[in-house]
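[1] Quick one: sequence plus predicted model below, questions after.
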Amino acid sequence: MSKPRIIILMHYLELGGAEMSLIGLLGALDPGRVDVDLFIYSHRGPLMRFIPKWVNLLPEIPAYAAIESPLTQAARKGHLMVAIGRLAARMRHLQWRRRHPAEGDDGAIMQYVGNCVTPWLPRISPGVSYDLAISFLTPHNICRDKVDAKRKVAWIHTDYSTVSVNTAIEEKVWGAFDHIASISPEVTRSFLEAFPSLSGKIVEIENILSPKFVRSRAAEDADIPWRDKAAGVNLLSVGRFCTAKNYDNVPDIARRLVQDHGISGLRWYIIGYGGDEALIRDKIAQAGMEEHVLLLGKRTNPYPYIAACDIYAQPSRYEGKSVTVREAQMLCKPVAVTAYPTAPSQVRDGKDGVIVPMDNAGCARGLAALIADTGLRGSMAAYLQAHDYGNESETEKIYSLLK
């Protein structure tokens, strides 16, 4: 009897929470139970090498790689209609945004890209009908329109209470799927506030992460910059330099820790990359925190750094469900997160982490208290050591969608 056949669609495999979640899912699926085709729009990113050998990586289709390449490059390589579609998406988005000024992060552009670009893309695996198709990241038009499958699942990774989208055009796409996979109850709640008619399609499937994978990579050698520094406290954050992660406020929080709370030996390291790097560097200079807030740039393996820090800090404005917070917990690190709406879904305040206020003064106050309370940090580490933060069993929910 042949095994069910699944296809999973993803943009690329750069360093990011959704990408790590996909690697976790692929690692947890059983090749004895399913066959998996993986379609990556652009074959780039350091996580490509962690695709399991048994997974069938489909060839890259150049038109899909052009979706997020520079516009001039896309046109020069012959993907003129993709480039025109992206320009049309930008214009339509701007027209809509003039009528609906953004409140919170602007996520509407991706749906316009999906609507305007997808018609010009070729079909994926023509002639093949899958038992299940999984669209892992928005826009979901591609999976809806370019894949043949008996059932289709679209994934939510975003807290919809924090992003501004055109619900009228998005709902048509989400509504075309048989199931919508949400990574947490809080994400479900915010999604259904935006799309109440879709409640019957929701199935909750957590980000699938493997403690064995995280710990094995944490044991690899790395150039930890604070190993040779004088004694002090070393905080670490990992993530893209973007609005959601709130790193532009880290310099002011660090200034308050040093000046108001006397944490003179503070070093706050940030691993990541992205469009907000210049803004963050400007804020570091304005706060005079050049010796206390240090950008380490992109690291293909952040786990040795997490394992070596004193406190893992996630100062985000919002999260769906932070993958790096869970990974830090797997490495038994005291975790401090800001009080974004989904924080209670993965941090039990005072047990396996602390939730500190979102404002800079309150955040600094909460971090200073955790830095000073070495007993609490020790009890958190012991609690994390005694509990299993793996969840590979979530794959059973994938198999259930095939029945």
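    Arrived safely.
[2] all contacts plus neighbour counts: C-alpha atoms, from now on.
    Will do.
[3] List the contacts of L15.
    The neighbours of L15, taking Cα atoms under 8 Å, 6 or more residues apart in numbering as the test, are 45-47, 300.
[4] Hmm, I typed the wrong one, I wanted Y41.
    Y41 touches 9-12, 60-61, 64-65, counting by Cα under 8 Å, 6+ apart.
[5] Show the pLDDT at it.
    Y41 carries a pLDDT value of 97.
[6] what's the distance between it and A28?
    According to Cα to Cα, to the nearest Å, Y41 and A28 sit 22 Å apart.
[7] Surely V203 is in a strand?
    Yes - assessed with DSSP: H, G, I helix; E, B strand; the rest coil, V203 lies in a strand.
[8] Now for it, how many residues are close by?
    Counted with other Cα atoms under 10 Å, residues neighbouring V203 total 20.
[9] Bridge partners for it, pull those for me.
    Beta-bridge partners for V203, by DSSP bridges, are A181.
[10] Output the contacts of Y41 as a markdown table; include the columns neighbour count.
    Below are the contacts of Y41 laid out as a markdown table (neighbours: other Cα atoms under 10 Å):
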| residue | neighbour count |
| --- | --- |
| L9 | 22 |
| M10 | 21 |
| H11 | 21 |
| Y12 | 19 |
| E60 | 13 |
| I61 | 17 |
| Y64 | 22 |
| A65 | 18 |
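[11] quick one: which of these is nearest Y312?
    Relative to Y312, the closest of those is Y12; by Cα to Cα it sits at 26.4 Å.
[12] Now do the contacts for that closest one.
    Contacts of Y12 (Cα under 8 Å, 6+ apart): 19, 40-45.
[13] Keep only those of the residues you listed that are in strands.
    Within those, residues falling in strands by DSSP state E are I40.
[14] Which single one of the contacts of Y12 is nearest to N391?
    Closest approach to N391 among the contacts of Y12 (Cα to Cα): E19, at 16.5 Å.
[15] where's the closest residue to that closest one other than its chain neighbours relative to M20, distance?
    Distances taken as Cα to Cα, 6 or more residues apart in numbering place L13 nearest to E19, at 5.6 Å, with adjacent residues excluded. The gap separating L13 from M20 is 8 Å, by Cα to Cα.
[16] Identify the contacts common to the two.
    Joint contacts of L13 and M20 (Cα under 8 Å, 6+ apart) are L47.
[17] Looking only at neighbour counts, state which of those two leads.
    Neighbours of L13 and M20, each counted by other Cα under 10 Å, are more numerous for L13; the result is 23 against 20.
[18] Contacts only, for the more buried one.
    Neighbour list for L13: 19, 40, 43-48 [criterion: Cα under 8 Å, 6+ apart].
[19] Can you classify it by secondary structure?
    From three-state DSSP, the assignment for L13 is coil.
[20] average pLDDT across whichever helix or strand D252 is part of?
    D252 is located in helix 250-259, with elements delineated by DSSP states H and E. When pLDDT is averaged along helix 250-259, the result is 97.
[21] Also stretch 59-76?
    What stretch 59-76 shows for mean pLDDT is 93.
[22] That one: how far from the chain's middle?
    23 Å (Cα atoms, centre = their mean, to the nearest Å).
[23] Flag every buried residue along that stretch.
    61, 63-68, 71, 74-75 (16 or more other Cα atoms under 10 Å).
[24] ok, now stretch 388-397?
    389-392, 394-395.
[25] JSON lines for those, including pLDDT and secondary structure?
    As requested, the buried residues of stretch 388-397 are exported to JSON lines (pLDDT from 0 to 100; DSSP: H, G, I helix; E, B strand; the rest coil):
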{"residue": "Y389", "pLDDT": "85", "secondary structure": "coil"}
{"residue": "G390", "pLDDT": "82", "secondary structure": "coil"}
{"residue": "N391", "pLDDT": "85", "secondary structure": "coil"}
{"residue": "E392", "pLDDT": "84", "secondary structure": "helix"}
{"residue": "E394", "pLDDT": "90", "secondary structure": "helix"}
{"residue": "T395", "pLDDT": "93", "secondary structure": "helix"}
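[26] Tell me the secondary structure at the nearest residue to L209 once chain neighbours are set aside.
    Leaving aside its sequence neighbours, L209 sits nearest to G24 (Cα to Cα, 6+ apart; 4.8 Å). What three-state DSSP gives for G24 is helix.
[27] Could you do I224 as well?
    At I224, secondary structure determined by three-state DSSP is coil.
[28] What strands flank the biggest strand by length in the chain, and is each parallel or antiparallel?
    Identified as the longest strand of the chain according to DSSP E is strand 149-156. Strand 149-156 sits in its sheet next to strand 130-135 (parallel), strand 179-182 (parallel), going by DSSP bridges.
[29] Give the buried residues for it.
    Residues of strand 149-156 classed as buried by neighbour count (16+ other Cα under 10 Å): 149, 151-156.
[30] cool, stretch 218-229 as well?
    218, 226.
[31] Return the helix or strand in this protein with minimum mean pLDDT.
    strand 105-106 (a mean of 69; mean pLDDT, DSSP states H and E).
[32] Following the chain onward from it, which element is next?
    Toward the C-terminus, strand 105-106 is succeeded by helix 109-117 as the next helix or strand (DSSP H and E).
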